[in-house]
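A.B. asks: Structure of the sequence below:
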Amino acid sequence: MDPWIIVGAFGVIFTSLQLIPQVIKSLKTKKVRDISIGLSIIVGLSAISWLAYAIHLKDLPLAIANIINLIGASILFTLKIREKPGK
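C.D. replies: Numbering: from 1, shown residues only. Predicted coordinates for the structure are as follows:
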């Protein structure tokens, strides 16, 4: 097996997992005060771009990783905009 396939697989796995710890913490504590809304916007736009590229290439692992990323970014964005001022 080509070693670059393994490197790519790890990239897909870590891309999928990158927001999960923050999403879990934010959902448990209901606190997102210190999270930049720009982070979720940029991650969301990045995930949409990568997802479009993955669909074009018919690359299912890359598509799945970015769907997961888009969901995480959407959750953080939603929590951030629903946060009450001063909390």
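
A.B. asks: give me phi/psi at the most centrally placed residue in the chain?
C.D. replies: When C-alpha atoms, centre = their mean is applied to the chain, the residue found nearest the centroid is residue 69 (2.3 Å). Per-residue torsions, residue 69: phi -60, psi -40 (degrees, to the nearest 10).

A.B. asks: so it makes contact with residue 47?
C.D. replies: Yes: between residue 69 and residue 47 there is a contact under C-beta atoms under 8 Å: 4.1 Å. Using the backbone N, CA and C atoms, a C-beta is placed for each residue, glycine as well.

A.B. asks: Looking at the strand or helix carrying residue 39 now, give me its mean pLDDT.
C.D. replies: Using DSSP states H and E, residue 39 maps to helix 37-57. Averaging pLDDT along helix 37-57 gives 95.

A.B. asks: quick check, distance from that helix to the centre of its chain.
C.D. replies: 8 Å (C-alpha atoms, centre = their mean, to the nearest Å).

A.B. asks: packing partners for that helix?
C.D. replies: Helices and strands touching helix 37-57, by 3 or more C-beta pairs under 8 Å, 6 or more residues apart in numbering; DSSP states H and E, are helix 60-82.

A.B. asks: hmm, who's touching the helix or strand in which residue 16 is found?
C.D. replies: Here residue 16, judged by DSSP H and E, is contained in helix 3-17. Residues outside helix 3-17 that contact it (C-beta atoms under 8 Å, 6 or more residues apart in numbering): 61, 62, 64, 65, 66, 68, 69.

A.B. asks: What are the buried residues along it?
C.D. replies: Within helix 3-17, the residues scored as buried using 16 or more other C-beta atoms under 10 Å are 12, 15, 16.
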